[in-house]
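*Asks:* I'd like to go over a predicted model; first the sequence, then the structure.
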Amino acid sequence: MNQLGSLPIYQQKKGISNYWVTWPLFTSEALELALKHIPSSTMVVLFRRLLQDLKHNRTGMPDLIMFNEKDYLWVEIKGPGDKLQNNQLRWLQFFSQHHIPAEVAYVQWQEST
């Protein structure tokens with residue numbers, strides 16, 4: 001996992017067309033945070049699930065991941081009238097089974113004054 005997560009390899013591969021990576025959003029800083037906070041055993045579990053059934057597991061992961069000094073948290077964002085889809089529920093259940101921190105954040109639009 002260390003080799004896959006190394007910054008030199010990131011720099012070497014950055015920008016190469018890849019269905020799984022949106023390069024403008026996947027910065028070296030994001031990689032560093034992920035490597036620092038997410039245990040390699042968790043990364044392995046996540047990638048195994050993805051690769052076991054790409055067709056069904058490529059969607060439904062939480063919208064974002066947050067990092068603080070010590071921890072990380074996956075967050076699924078839901079707006080008014082928005083419900084969790086089956087694929088999202090499956091991922092959240094998987095996260096719970098594997099003790100991967102995840103939450104659903106229900107947001108409401110604030111009217112401008």
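*Replies:* Cool, got the structure.

*Asks:* Which residue ranges of this protein form helices?
*Replies:* Using DSSP state H, the helices of the chain run over 7-13, 28-37, 40-52, 54-57, 86-97.

*Asks:* Ok, which of those helices comes nearest D63?
*Replies:* helix 86-97 (9.4 Å; C-beta to C-beta). Glycine gets a C-beta too; all of them are placed from N, C-alpha and C.

*Asks:* Other residues contacting that closest one?
*Replies:* The contact list for helix 86-97 (C-beta atoms under 8 Å, 6 or more residues apart in numbering) reads 49, 56-57, 59-62, 74, 76, 84, 100-102, 104.

*Asks:* For it, give the mean pLDDT please.
*Replies:* The average of the pLDDT scores along helix 86-97 is 98.

*Asks:* before we move on, what about stretch 6-23?
*Replies:* Across stretch 6-23, pLDDT averages out at 85.

*Asks:* what about that stretch, how long is it end to end?
*Replies:* 16 Å (C-alpha to C-alpha, to the nearest Å).

*Asks:* same thing with stretch 76-90?
*Replies:* Taking C-alpha to C-alpha as the measure, stretch 76-90 stretches 13 Å from start to finish.

*Asks:* what separates it from the chain centre, distance-wise?
*Replies:* 15 Å (C-alpha atoms, centre = their mean, to the nearest Å).

*Asks:* Report the buried residues of that stretch.
*Replies:* By neighbour count on 16 or more other C-beta atoms under 10 Å, the buried set for stretch 76-90 is E76, Q88.

*Asks:* Spatially, which two of the contacts of helix 86-97 are the most separated?
*Replies:* H56 and P101 (23.2 Å).
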